[in-house]
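K.L.:
Coordinates only, no sequence provided:
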């Protein structure tokens with residue numbers, strides 16, 4: 001269940017059978033910090049005990065799309081039954097696009113998960129770090145992506161992946177982070 005006590009300036013605490021769990025998400029777009037704080041406040045009012053973890057994560061994904069323009073869809077990459085996959089998504093296209101990463105073992109979402117860093121693709125047509133993923137994303141009309149690590153207890157537990165059909169504004173990443 002969610003507890004309204006704050007862990008940091010924009011954080012909340014999740015409680016499960018094993019105790020407290022704080023999940024952090026890196027944020028790149030500083031102009032939307034207020035929207036993210038407001039979303040975290042909304043989430044803090046959501047009682048997980050009345051919903052499943054999947055429902056809660058789906059809500060996180062939907063709020064991320066609503067707060068981080070130009071994102072149009074999101075997926076959450078995490079371990080499920082000892083396999084990395086898109087466990088939660090706002091559009092059926094998200095796991096289709098992510099499949100390129102899981103088949104090759106390479107992609108921004110996997111790297112955000114592994115290295116607990118933010119990865120951004122400004123143009124899938126020009127991206128060279130993850131060619132198979134970028135080509136598949138571009139074939140779905142995705143122009144830019146943002147992959148944010150999900151961290152709990154200082155361990156990577158997944159990645160929040162945001163997809164846009166238009167380019168992100170080109171500006172230096174903000175070093176601030178919001179905690180969910």
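P.N.:
Now that the structure is in, tell me what you want to look at. This one's a predicted model, so the numbers in the text were calculated from it and none came from an experiment.

K.L.:
List the buried residues for stretch 90-108?
P.N.:
Neighbour-count burial for stretch 90-108 flags 90-91, 93-102, 107-108 (criterion: 16 or more other Cβ atoms under 10 Å). To be clear about C-beta, it is placed using only N, CA and C from the backbone, and glycine gets the same treatment.

K.L.:
Not counting its own residues, what contacts it?
P.N.:
Outside stretch 90-108, the residues within contact range by Cβ atoms under 8 Å, 6 or more residues apart in numbering are 58, 61-62, 65, 72-75, 77, 83-86, 89, 109-110, 119-121, 129-130, 132-133, 135-137, 140, 142, 145, 147, 161, 163.

K.L.:
are any of those residues buried, and which?
P.N.:
The buried subset of the contacts of stretch 90-108 - by 16+ other Cβ under 10 Å - is 58, 61, 65, 72-75, 77, 84-86, 89, 109-110, 119-121, 130, 133, 136-137, 142, 145, 147, 161, 163.

K.L.:
So which of the residues you listed are in helices?
P.N.:
58, 61, 65, 109-110, 133, 136-137 (DSSP state H).

K.L.:
Output those as CSV; include the columns distance to residue 157.
P.N.:
CSV is the format used below for these (distance: Cβ to Cβ, whole Å):
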residue, distance to residue 157
58, 16
61, 15
65, 20
109, 13
110, 13
133, 21
136, 25
137, 23
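
K.L.:
quick check, nearest of those to residue 51?
P.N.:
Lowest distance from residue 51 to these (Cβ to Cβ) belongs to residue 58, with 9.1 Å.

K.L.:
contacting residues around the closest one?
P.N.:
88, 90.

K.L.:
same thing with residue 128?
P.N.:
residue 134.

K.L.:
Within the helices and strands, which one has it?
P.N.:
In the assignment (DSSP states H and E), residue 128 maps to no helix and no strand.

K.L.:
roughly how far apart are it and residue 157?
P.N.:
Per Cβ to Cβ, to the nearest Å, residue 128 is found 28 Å from residue 157.

K.L.:
try residue 77
P.N.:
10 Å.

K.L.:
any weak-confidence spans in the chain?
P.N.:
Residues of the chain meeting the criterion pLDDT under 70: 1-50, 168-180.

K.L.:
all strands of it, in order?
P.N.:
2-3, 13-16, 19-21, 23-26, 73-80, 83-89, 119-121, 144-152, 155-164, 177-179 (DSSP state E).

K.L.:
Appreciated, that's everything.
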